[in-house]
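> My questions concern the predicted model and sequence given below.
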Amino acid sequence: MDSAVAIQRRLFDHREFQRMGPLLIVPECAELFDGVVTDKTGDGTPHCWTYEQYLELARAGILGEDERIELVDGEIVLMSPVGHRHVYVVDELTARLGEWMAGRAILRVQSPLVFSRVDAPQPDLVLLRMDADRYRSRQAGPWDALLVVEVAESSLDTDREVKGPKYARAAIPEFWLVDVNGPSVTVCSAPVGGEYTQAATYRPGESWSSPALEGRSVSVDEALGLPLPPR
């Protein structure tokens with residue numbers, strides 16, 4: 001994972017590692033070193049998890065349903081804990097986006113967006129293009145996304161420096177980075193060559209026109225349900 005931001009891997013204990021063997025989740029030559037599953041190649045290279053292996057770990061109960069984790073570039077990483085403000089803003093944005101785009105897009109909340117067989121980040125919210133069977137027969141990917149939203153309370157650097165560039169490289173048309181401590185919303189759009197070529201930060205009292213919402217004017221106050229609750 002190429003980033004200056006420190007990403008914290010989800011570590012495994014010996015009992016969890018032993019349970020992987022009979023399930024054939026990892027190769028027989030795999031090792032556990034300081035909580036990290038490694039492929040035994042002599043250099044301690046961390047195992048590159050696939051999305052199917054990630055799901056199998058969950059099915060086997062090795063990964064808990066309530067764990068805040070996601071698969072990013074083949075690594076199972078911990079997501080930042082969420083506080084009351086984060087939960088409140090996600091709820092407000094869910095209500096607003098659901099209302100504004102009812103019948104015109106599919107809204108998902110804190111669900112994986114499968115980029116590849118080793119990459120399935122979990123945005124706080126994603127607006128997907130309408131699909132004939134509502135993605136019943138296939139996983140939604142970044143090519144289906146109209147908008148991704150990350151709400152940051154303690155994860156601002158990661159969302160900006162890891163998630164944002166990933167969404168740009170995938171050519172997702174619009175990305176909102178919500179800083180609940182600002183409060184502010186940074187709107188990134190027009191991805192070209194793996195980078196967002198337009199970005200602007202909006203604060204209370206300000207608004208912008210969102211292409212993902214078919215040109216709707218969005219105010220920071222309304223989208224975030226200002227004022228925010230106390231910390």
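All right, it came through fine. Here the structure is a predicted model, which is why all the values come from computation and not from measurement.

> Show the end-to-end separation of stretch 190-201, please.
15 Å (C-alpha to C-alpha, to the nearest Å).

> Can you name the residues in contact with that stretch?
164-165, 167-169, 171-173, 175, 184-189, 208 (C-beta atoms under 8 Å, 6 or more residues apart in numbering). In short, each C-beta sits where N, CA and C put it, glycine included.

> nearest to residue 121, of those residues?
Minimum distance to residue 121 across those is 8.5 Å, recorded for residue 167 (C-beta to C-beta).

> Show the contacting residues for that closest one.
Neighbours of residue 167 in contact, by C-beta under 8 Å, 6+ apart: 142, 148, 175, 188, 191.

> Greatest separation within those: which pair is it?
142 and 188 (14.2 Å).

> From the contacts of residue 167, which land in strands?
If you go by DSSP state E, the contacts of residue 167 have 148, 175, 188, 191 in strands.

> Which one of those residues is nearest to residue 20?
Residue 20 lies nearest to residue 148 out of these, by C-beta to C-beta, at 31.5 Å.

> Residues in a beta bridge with the closest one, which ones?
Residue 148 forms beta bridges with residue 126, residue 175, as assigned by DSSP bridges.

> wait, doesn't it sit right on residue 177?
No. Residue 148 lies out of contact with residue 177 (C-beta atoms under 8 Å); the separation is 9.6 Å.

> Looking at these two, which has the bigger crowd around it?
Higher neighbour count among residue 148 and residue 177: residue 148, with 27 against 22, using other C-beta atoms under 10 Å.

> Quick one: the strands in the protein, in order.
Secondary structure of the chain, counting by DSSP E: strands at 31-33, 36-38, 69-72, 75-78, 106-109, 125-128, 145-152, 174-179, 184-192, 195-202, 207-210, 216-219.

> could these be laid out in CSV, adding distance to residue 11 and mean pLDDT?
Conversion of those to CSV gives the following (distance: least, C-beta to C-beta, whole Å; pLDDT from 0 to 100):
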stretch, distance to residue 11, mean pLDDT
strand 31-33, 9, 92
strand 36-38, 7, 94
strand 69-72, 11, 96
strand 75-78, 9, 96
strand 106-109, 27, 97
strand 125-128, 28, 98
strand 145-152, 24, 97
strand 174-179, 28, 98
strand 184-192, 32, 97
strand 195-202, 33, 98
strand 207-210, 39, 98
strand 216-219, 40, 98
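
> In terms of neighbours, single out the busier of residue 142 and residue 188.
Higher neighbour count among residue 142 and residue 188: residue 188, with 24 against 20, using other C-beta under 10 Å.

> mind listing the helices for the chain?
14-23, 51-59, 84-100, 156-158, 164-169, 220-224 (DSSP state H).

> show me where pLDDT drops low in this protein?
1-6, 41-43 (pLDDT under 70).

> if we go to 90?
In the predicted model, the chain carries pLDDT under 90 at residues 1-7, 21-30, 39-45, 65, 80-82, 132, 154-155, 230-231.

> which residue packs closest to residue 17, ignoring adjacent ones?
residue 32 (4.3 Å; C-beta to C-beta, 6 or more residues apart in numbering).
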